[in-house]
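> Sequence first, predicted coordinates after that:
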Amino acid sequence: MELEITVVDAFTDSVFGGNPAAVIILDKWLSDDLMQSIAAENNLSETAFLVLAEALTYQIRWFSPLTEIAFCGHATLASAFVLFNKNPELASIKFSAKEVGELLVEKAESGKVQMDFPNTKPDKLETIPVNLVAGLSIPPVDVYCNSQAYFVVYEAESEVLSVQRNNEVLKKLKPLDVVVTCRSESKDYDFISRYFWPANGGDEDPVTGSIHTGLAPLWAERLGKSDLVAYQASKRGGVLNCLVAGDRVIISGNAVQYLRGTITV
């Protein structure tokens, strides 16, 4: 069986930046084991699989090299980018996912892909998990938590950029991952972050769309503004425009195609 595969760099306007995701459009679902094997072979943060459910609505599933993921922003952006390129007349499309419901994605006038996601604002913790403190080289100022991750707030960019982690210790926090963040010291961004997920995907994720559905409302409250620009400070780096609108978070970003080819399974 041959399948078309497209690899897209998401949340960037240049190849080799942002976060790469593979996109595979199917006529019908493959077995879970086969989709997991394909994702492991691709060895990207995520591989997205799509099946057309009805007109302009695709069911979507996301797999890291290790496991199926409940919600992935950058691979949703990549999937929409592929579909918009295949159908240039399309201005919007919907995805349906088991854990997050229906997601509307639109082409913005700026050329960015604009995604409408649930607001997953985290709650502040009074008691910080021992393994979270032990797994990071710099003690947190504040810690928040939602269903995806622990949010570790630092005071300075130097701390976010230099913090070291012990992956074996952080794995003990499973199923939750860890994001470290602070207010940006650059006039170009409102906040920055890094995302560690040794339990679910590997080491450090280059750019994580899903976590910004929690980061954006967290920083909107702390900064007193709803329209924010975020930078995820991995080696590849990525820029995300975030708008907090009630129980929704609108996340926008650019994308570029890196590869299109055929896999044989």
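Perfect, thanks for sending it.
> Domain parsing of this protein, as residue ranges.
For the chain, the structural domains run 2-116+252-264, 123-246, going by automatic domain parsing.
> Can you lay out these as JSON lines showing mean neighbour count and mean pLDDT?
To be clear about C-beta, it is placed using only N, CA and C from the backbone, and glycine gets the same treatment. As requested, the domains of the chain are exported to JSON lines (neighbours: other Cβ atoms under 10 Å; pLDDT from 0 to 100):
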{"stretch": "domain 2-116+252-264", "mean neighbour count": "18", "mean pLDDT": "95"}
{"stretch": "domain 123-246", "mean neighbour count": "19", "mean pLDDT": "95"}
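> Do I have it right that residue 195 meets residue 203?
No: the criterion here is Cβ atoms under 8 Å, and residue 195 misses it with residue 203 at 10.1 Å.
> Tell me which stretches of the stretch 1-150 of the chain form strands.
Assigned by DSSP state E, counting those that start in this stretch, the stretch 1-150 of the chain shows strands spanning 2-10, 19-26, 46-54, 57-63, 68-69, 92-97, 101-107, 113-118, 123-124, 142-145, 149-153.
> Distance to residue 180 for these - can I get that in CSV?
Formatted as CSV, the strands of the stretch 1-150 of the chain follow (distance: least, Cβ to Cβ, whole Å):
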stretch, distance to residue 180
strand 2-10, 21
strand 19-26, 17
strand 46-54, 21
strand 57-63, 23
strand 68-69, 20
strand 92-97, 27
strand 101-107, 26
strand 113-118, 21
strand 123-124, 16
strand 142-145, 10
strand 149-153, 5
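> Could you name the stretch from those that's closest to residue 244?
The closest of the strands of the stretch 1-150 of the chain to residue 244 is strand 113-118. By Cβ to Cβ, the value is 10.7 Å.
> thought residue 27 was touching residue 49?
No: applying Cβ under 8 Å, one finds residue 27 not in contact with residue 49, separated by 11.3 Å.
> and stretch 222-233, how far apart are its ends?
Criterion Cα to Cα, to the nearest Å; first-to-last residue distance in stretch 222-233 is 20 Å.
> Excluding its own residues, what touches that stretch? List them.
The contact list for stretch 222-233, computed with Cβ atoms under 8 Å, 6 or more residues apart in numbering, reads 11, 157, 160-161, 183-184, 186, 188-195, 206-208, 212, 215-216, 219-220, 237-245.
> Next step: those residues restricted to helices.
Of the positions in the contacts of stretch 222-233, 157, 160, 161, 212, 215, 216, 219, 220 sit in helices, assigned by DSSP state H.
> Could you measure from the second one over to residue 211?
As defined by Cβ to Cβ, to the nearest Å, residue 160 lies at a distance of 14 Å from residue 211.
> what sits in contact with each of these two?
Common neighbours of residue 160 and residue 211 (Cβ under 8 Å, 6+ apart) are residue 193.
> Okay, and the beta partners of the spatially closest residue to residue 142 that is not a sequence neighbour?
Leaving aside its sequence neighbours, residue 142 sits nearest to residue 153 (Cβ to Cβ, 6 or more residues apart in numbering; 4.3 Å). Legend: beta-bridge partners of residue 153 under DSSP bridges are residue 142, residue 181.
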